[in-house]
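# return a 3D structure for these sequence lines:
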Amino acid sequence: MKRRVVVTGMGAITPIGNNVEEFWKGIKEGVCGIAPITLFDTSNQKANLAAEIKNYNPQEHFELKSAKRLDRFCQLAMVSAREAFKDSGISKENTDMTRVGVIVGSGMGGLTTIEEQNKNLIEKGPSRLSPMYIPMSIVNIAAGNIAIDLGIKGESFCIVTACATSTHSIGESFRLIRHGYQDVVLAGGAESAITPTGIAGFANLKALSQATDPKRASIPFDKERDGFIMGEGAGVLVLEELEHALKRNAKIYAEVVGYGVSSDAYHITAPSPDGEGGARAMVNAIKDADIEPEQIDYINAHGTSTPLNDKTETMAIKTALGEHSKKVMVSSTKGNTGHLLGGAGAVEAIACVKALQEGYVPATIGYKEKDEDCDLDVVPNEGRKANIHYAMSNSLGFGGHNSSIILKKWEE
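Coordinates of the predicted model:
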């Protein structure tokens, strides 16, 4: 018998709010977190805008010595994990910590550390590399540090599937609990790749927008979209087996009911032109949830604001949902946050949970020019009150990695 899985804790640090409530308030108020880059000098860069975390001081969260030994992506992961863990009320008094896991990934890992230490290597020689270079930069270190920080002794690992990382992390955590391997899993992702090589690399790939107006830079489904805007941040959800949650009188935010994955097997960066792979992931998630396509009320789209993604994701939604695609509400919150790469799916899953809880569908902000290739109900500019029961969140990553999860409104 499949065990039921619910969300009992959430944590986030994003370009529009440094915790879940601030983030959700920013979504409802249509806040755009995009601005000129301040983390480094962009005078020789093609792209100058990004969605940075605001008012973040590491020493408010870590002792100075610890902060110096943690790459920014790992700090953000730990901050959001602490918030989610505290929110859940999980403790060693009410939970067997060997039955609690961590699956928190990143698309890029410790890119800031890699750049700094490579500069040391070139300018000062190999002996001047920090002994912390490797443990600060490896992608799995966020999951490892979260486990150490919170005393979590169950399965701990990281998934790396580019922009699909944290949706895969949530989905695989869901499976771990559903099939009895763990009772609780902290699932999500983190990213901090607003660095000289991060921005230049994506810009030279022609993936980044070169817009100069923050309000017209990340514009998902808009005909004038020209690329994504890099964001940074982290999101972590506490997934828990239903009976375990009820036994300790936990507050329950939503239920995870479906997970679907697929591979395009097409190209390293471009999606399959007809959206076939993304459609299969959505169909697989709907089958896994044992519901009909018509029951999906809202989709938080991958919606990156790149010409290819938004067009092919529209096709994928039409293929997966058929006639219902004309009625379903589809929005992208990347107009607010930019693209958090490996952290995107978790932050967007949190948006779905809040949408289900409050009956409020986030808007696709910054939308002006209708695109005939993206002719879904994209909830333009203004969020919408709606009684939604099922929400889907899509993430599609470089390498052709597609993942979809389905969340259900929690009702006693």
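
# residue 406: neighbour count?
Number of residues near residue 406 (other CB atoms under 10 Å) recorded here: 26. For every residue, glycine as well, the C-beta is placed using N, CA and C.

# distance check, it against residue 391.
Residue 406 is 7 Å from residue 391, where distance means CB to CB, to the nearest Å.

# before we move on, what about residue 353?
Taking CB to CB, one finds residue 353 at 8 Å from residue 391.

# need the residues touching each of these two.
Any residue near both residue 353 and residue 391 by CB atoms under 8 Å, 6 or more residues apart in numbering counts here, and that gives residue 407.

# who touches both of residue 406 and residue 391?
Common contacts of residue 406 and residue 391, defined by CB under 8 Å, 6+ apart, comprise residue 296.

# ranges for the helices of the stretch 101-250 of the chain?
111-124, 133-137, 141-150, 165-178, 196-204, 242-247 (DSSP state H, counting those that start in this stretch).

# go through the ones you listed and pick out the most buried.
helix 165-178 (a mean of 27; mean count of other CB atoms under 10 Å).

# and the angle from that one to helix 141-150?
Using axes from the mean of the first three to the mean of the last three CA atoms, to 10 degrees, the inter-axis angle of helix 165-178 relative to helix 141-150 is 50 degrees.

# helix 165-178 packs against which elements?
Where contact means 3 or more CB pairs under 8 Å, 6 or more residues apart in numbering; DSSP states H and E, helix 165-178 is packed against strand 5-13, strand 100-105, strand 184-191, strand 233-241, strand 254-263, helix 344-358, strand 390-397, strand 401-409.

# return the most buried member of these.
Of all those, strand 184-191 has the most neighbours on average by mean count of other CB under 10 Å, namely a mean of 35.

# how far does that strand sit from its chain's centre?
Relative to its chain's centre, strand 184-191 lies at 9 Å (CA atoms, centre = their mean, to the nearest Å).

# parallel or antiparallel, list what pairs with it.
Partners of strand 184-191 in the sheet, by DSSP bridges, are strand 100-105 (parallel), strand 233-241 (antiparallel).

# switch those strands over to JSON lines; also include mean pLDDT.
JSON lines is the format used below for those (pLDDT from 0 to 100):
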{"stretch": "strand 100-105", "mean pLDDT": "98"}
{"stretch": "strand 233-241", "mean pLDDT": "98"}
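
# tell me which of the ones you listed lies nearest to residue 5.
Residue 5 lies closest, by CB to CB, to one member of those: strand 233-241, at 5.4 Å.

# and the angle from the closest one to strand 401-409?
Here strand 233-241 points in a direction 60 degrees away from that of strand 401-409 (the same axes, to 10 degrees).

# residue 46: what's it in contact with?
Listed by CB under 8 Å, 6+ apart, the contact set of residue 46 reads 200, 203, 204, 208, 210.

# for residue 96, state which of these is nearest.
Of all these, residue 96 sits closest to residue 208, with 45.5 Å by CB to CB.

# which residues does the closest one contact?
Residue 208 makes contact with 46, 47, 199, 202, 227, 228, 229, 230 under the criterion CB under 8 Å, 6+ apart.

# same check, this time on residue 188
Counting by CB under 8 Å, 6+ apart, residue 188 touches 11, 77, 80-81, 84, 103-104, 166, 169-170, 234-237, 343, 346.

# residues near residue 341, how many?
Counted with other CB under 10 Å, residue 341 comes out at 30.

# check what pLDDT it gets.
On pLDDT, residue 341 comes in at 98.

# and it, what are its phi and psi?
Backbone torsions for residue 341, taken as degrees, to the nearest 10, come to phi 50, psi -120.

# do I have it right that it meets residue 165?
Yes. Assessed by CB atoms under 8 Å, residue 341 is found in contact with residue 165 at 7.5 Å.

# what is in contact with those two at once?
In contact with both residue 341 and residue 165: 106, 107, using CB under 8 Å, 6+ apart.

# any low-confidence regions in the stretch 101-250 of the chain?
In the prediction, the stretch 101-250 of the chain carries no residues with pLDDT under 70.

# burial count for the residue nearest to residue 232 when sequence neighbours are not counted?
Residue nearest to residue 232 in three dimensions, not counting chain neighbours: residue 192, with 4.5 Å by CB to CB, 6 or more residues apart in numbering. For residue 192, the tally of surrounding residues (other CB under 10 Å) stands at 31.

# also residue 384?
17.

# residues contacting the closest residue in space to it that isn't next to it in sequence?
The shortest distance from residue 384 to any non-neighbouring residue, by CB to CB, 6+ apart, is to residue 361 (4.5 Å). If a contact means CB under 8 Å, 6+ apart, then residue 361 has 298, 329, 331, 355, 379, 383, 384, 385, 386, 388 as its contacts.

# same question, residue 76
So residue 76 contacts 13, 53, 190, 191, 192, 232, 233, 234, 343 (CB under 8 Å, 6+ apart).

# in the helix or strand hosting it, which residues are buried?
Per DSSP states H and E: residue 76 is located in helix 72-88. Within helix 72-88, the residues that count as buried by 16 or more other CB atoms under 10 Å are 72-85, 87-88.

# can you check stretch 323-333 too?
Neighbour-count burial for stretch 323-333 flags 324, 325, 328, 329, 330, 331, 332, 333 (criterion: 16+ other CB under 10 Å).
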